[in-house]
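In: show me how the following folds:
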Amino acid sequence: MKYRNLSNLEFKISEIGLGCWAIGSEWGNVSPQDARETLKASLDKGINFFDTADVYGDGRSEKFVGEIIKSTSEKIFVATKSGRRLDPHIAEGYNFKNIEKFIDRSLMNLGVECIDLLQLHCPPTEICNKKETYEMMDEIVKLGKIAHYGVSVEKVSEAMDAIQFPNVKSIQIIFNIFRQRPAESFFKEAAKKNVGIIARVPLASGLLTGKMNQFSKFPQNDHRNYNINGDAFDVGETFSGVDFKKGLDAVDKLKELLPENFTLTDLALKWILMHDEVSVVIPGAKNKSQAFMNARASELKNIPSLLPKINSIYEELIKHDVHHRW
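Out: Got it, this is the predicted structure:
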């Protein structure tokens with residue numbers, strides 16, 4: 001496993017982390033045993049960055065992460081998120097009282113006294129450019145409940161707004177072969193300001209594993225079933241907002257490019273890691289074999305000769321539908 005910097009923090013994080021949404025909820029049923037084995041396998045492979053949220057299984061995911069923290073003497077960097085517990089999820093809810101209450105609950109779930117990185121969880125757009133938002137977060141840092149903070153966003157415009165504030169340490173954003181817009185200008189601006197980039201949904205909800213086909217079915221409690229049209233939350237979170245059939249067509253073309261000993265998962269993760277501005281990529285996993293598969297991309301060779309071919313597939317099949325939306 002290779003390690004990278006996150007902003008100006010001294011702690012080196014694994015360039016592949018674990019996204020812990022799947023072990024919490026909304027990806028079908030994941031047993032407690034599988035959840036624990038997924039975390040343990042990730043740790044065994046050198047992963048020390050775990051990204052979760054208070055709404056993943058209503059705290060279930062955070063509690064599993066808390067268990068792995070207690071199980072080892074190794075330093076684990078934990079990032080969680082706050083804000084989506086608001087109902088309704090509106091800008092007025094992003095106030096000190098609510099966010100501090102959510103953070104207190106996360107501290108209990110995780111079993112820690114201070115959260116390494118607290119991210120506002122895809123807040124309404126107008127929250128991202130309000131100085132009051134970050135003054136509030138600075139106050140919570142002063143209380144010692146969080147060490148650092150960042151913002152998880154849906155849109156590049158929201159990311160550009162957030163990085164204008166000096167204490168924002170990270171932006172978490174969807175970035176993968178099917179969602180390339182962040183690399184156009186945002187990455188350069190984030191690098192100038194030394195803001196870390198956490199690349200989420202790197203496998204486009206599993207599309208970029210190459211294991212799906214037109215007959216694939218998903219459980220009722222899997223967002224790839226019920227959010228295919230954005231009925232529950234932003235449609236960009238499910239298959240990166242890509243039309244499923246077009247995504248399968250693009251996957252077929254990507255498979256033709258695979259180097260020897262590469263899976264499509266390897267290709268998708270390595271493509272992201274070749275963007276030096278990315279601090280960490282956080283694929284999810286539902287069992288230990290998926291965790292092992294994710295981690296191996298770090299040790300594989302770079303694929304510079306394939307970048308133009310990969311990008312041409314995006315230009316031809318995907319860009320028109322998604323590039324302007326997020």
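In: for this protein, what spans make up the helices?
Out: 32-44, 60-70, 96-110, 131-142, 156-162, 186-192, 223-226, 244-255, 264-273, 288-295, 307-313, 319-322 (DSSP state H).
In: quick one: buried residues of the last one?
Out: In this case it means helix 319-322. 319, 322 (16 or more other Cβ atoms under 10 Å). Yep, even glycine has a C-beta here, placed from its N, CA and C like the rest.
In: residues in contact with residue 311?
Out: By Cβ atoms under 8 Å, 6 or more residues apart in numbering, the residues touching residue 311 are residue 180.
In: need the per-residue pLDDT for it.
Out: On pLDDT, residue 311 comes in at 97.
In: find the centremost residue of the protein, please.
Out: residue 200 (2.7 Å; Cα atoms, centre = their mean).
In: distance of the spatially most distant residue from the centre of the chain from residue 252?
Out: The outermost residue of the chain, judged against the average C-alpha position, is residue 260 (27.8 Å), by Cα atoms, centre = their mean. Separation of residue 260 from residue 252 (Cβ to Cβ, to the nearest Å): 19 Å.
In: wait, residue 198 touches residue 174, no?
Out: No. Counting by Cβ atoms under 8 Å, residue 198 stays clear of residue 174, with 10.4 Å between them.
In: coming back round to it: against residue 303, how distant is the residue farthest from the centre of the chain?
Out: Applying Cβ to Cβ to residue 260 and residue 303 gives a distance of 11 Å.
In: what's the answer for residue 315, then?
Out: 18 Å.
In: compare those two (neighbour count), which wins?
Out: Set residue 315 next to residue 303 and count neighbours by other Cβ atoms under 10 Å: residue 303 wins out with 19 against 12.
In: ok, now how distant is that one from residue 263?
Out: Counting by Cβ to Cβ, the gap from residue 303 to residue 263 is 13 Å.
In: isn't residue 262 right next to residue 300, touching?
Out: Yes. Counting by Cβ under 8 Å, residue 262 touches residue 300, with 6.8 Å between them.
In: ok, the residue nearest to the centre of the chain to residue 246 distance?
Out: Counting by Cβ to Cβ, the gap from residue 200 to residue 246 is 21 Å.
In: same question, residue 185
Out: Applying Cβ to Cβ to residue 185 and residue 246 gives a distance of 25 Å.
In: okay, the two: which has more neighbours?
Out: residue 246 (16 against 11).
In: near the residue nearest to the more buried one when sequence neighbours are not counted, how many other residues are there?
Out: Spatial nearest neighbour of residue 246, excluding adjacent residues (Cβ to Cβ, 6 or more residues apart in numbering): residue 317 at 5.5 Å. Neighbour count for residue 317, taken as other Cβ under 10 Å: 19.
In: quick one: pLDDT of residue 11?
Out: Residue 11 is given a pLDDT of 89.
In: now do residue 28
Out: 89.
In: and for residue 262 and residue 300, which residues touch both?
Out: With Cβ under 8 Å, 6+ apart, residue 262 and residue 300 have common neighbours residue 270.
In: neighbour count winner among the two?
Out: Ranked by neighbour count (other Cβ under 10 Å), residue 262 and residue 300 place residue 262 first, with 19 against 16.
In: so who does that one touch?
Out: 270, 300, 303.
In: that one and residue 177: what is the separation?
Out: Residue 262 is 13 Å from residue 177, by Cβ to Cβ.
In: equivalent analysis for residue 40, please.
Out: 29 Å.
In: let me see the confidence value for the residue lying closest to residue 268 once chain neighbours are set aside.
Out: Closest residue to residue 268 apart from its sequence neighbours, by Cβ to Cβ, 6+ apart: residue 208 at 4.1 Å. Per-residue confidence for residue 208 comes out at a pLDDT of 98.
In: ditto for residue 245
Out: Confidence score, pLDDT, at residue 245: 96.
In: likewise for the one 10 residues further on?
Out: Looking at residue 255, its pLDDT reads 98.
In: can you name the residues that contact it?
Out: 210, 264.
In: next one: residue 65
Out: 20, 39, 50, 52, 78, 80, 110.
In: including pLDDT, distance to residue 167 and neighbour count, could the residues you listed go into TSV?
Out: Formatted as TSV, the contacts of residue 65 follow (pLDDT from 0 to 100; distance: Cβ to Cβ, whole Å; neighbours: other Cβ atoms under 10 Å):
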residue	pLDDT	distance to residue 167	neighbour count
20	98	25	29
39	98	30	26
50	98	22	28
52	98	22	29
78	96	19	23
80	98	18	28
110	98	22	25
